[in-house]
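Trainee: Sequence first, predicted coordinates after that:
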Amino acid sequence: MGKGMMIAAWIVFLGLLAFFFKNILDKQHNPNQEINSSVLNSGIRVVRLVRNRNGHYVSRGYINNQEVTFFLDTGATTISIPEPVARKIGLKRGPPISVSTANGSIEVYLTTIRRLSIGSIVLDNLSATINPYMEGDDILLGMNVLKKLEIIQKGKILTLKQYP
């Protein structure tokens, strides 16, 4: 009985340790799990994002009311969604198209996002692609979204503004 309890205690301890370190790593990858967001009296919607440890801007957000993680990518033309994430949030594959990536041309599938939000910023009816070759859970937030916003980068903070 004593040995069994000791093994159980170690299992619980290691589980808690793994949970603790996973939370630390998640916060290092995405320091914007709680969005710094406001709406000014003028109607301007403002979101401030903190750069992650790798110098990228990653943020929690929503597609069609489903929580997702965005990776802001000024090098991406459109929103690019890994296929497993697209399935999870209920997006359907549309017609296939060929796109150029850093690794060459690939076939992806068109889709439409009814509503995308990051904090107080809300955009409707956006084109996106479902990428069957993309790994991970991060959605690339491309220029078809970013061009609709004012972007100010200063120090470790990226400020996004949406004008009425």
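Mentor: Great, that's in hand.
Trainee: Give me the buried positions along the helix or strand harbouring Arg60.
Mentor: Using DSSP states H and E, Arg60 sits in strand 58-63. Using 16 or more other CB atoms under 10 Å as the burial criterion, the residues of strand 58-63 that qualify are 58-59, 61-63. Every C-beta, even on glycine, is put in place using the N, C-alpha and C of the backbone.
Trainee: what sits up against it?
Mentor: For strand 58-63, the surrounding residues in contact (CB atoms under 8 Å, 6 or more residues apart in numbering) are 29-35, 47, 49, 52, 67-72, 81, 89, 91, 113, 115-119, 138-139.
Trainee: domains for this structure, by residue range?
Mentor: The record's domain parsing of the chain by automatic domain parsing lists 1-30, 32-162.
Trainee: Can you give me the end-to-end span of the last one?
Mentor: The reference is to domain 32-162. With CA to CA, to the nearest Å as the measure, domain 32-162 spans 18 Å from end to end.
Trainee: PyMOL command to pick out the buried ones of the contacts of strand 58-63?
Mentor: Buried residues among those (16+ other CB under 10 Å), as a PyMOL selection:
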select buried, resi 29+30+31+32+35+47+49+52+68+69+70+71+72+81+89+91+113+116+117+118+119+138+139
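Trainee: and among the domains of the chain, the most buried is which?
Mentor: Neighbour counts (mean count of other CB atoms under 10 Å) averaged over each of these peak at domain 32-162, with a mean of 16.
Trainee: Rounded mean pLDDT for it, please.
Mentor: Across domain 32-162, pLDDT averages out at 96.
Trainee: centre of the chain versus that domain, how much separation?
Mentor: 6 Å (CA atoms, centre = their mean, to the nearest Å).
Trainee: Skip the chain neighbours and tell me the closest residue to the residue minimising distance to the centre of the chain.
Mentor: Centroid-nearest residue in the chain: Phe70, 1.6 Å away (criterion: CA atoms, centre = their mean). Using CB to CB, 6 or more residues apart in numbering and skipping the chain neighbours, the partner closest in space to Phe70 is Leu141 (4.4 Å).
Trainee: That concludes my questions; thank you for your assistance.
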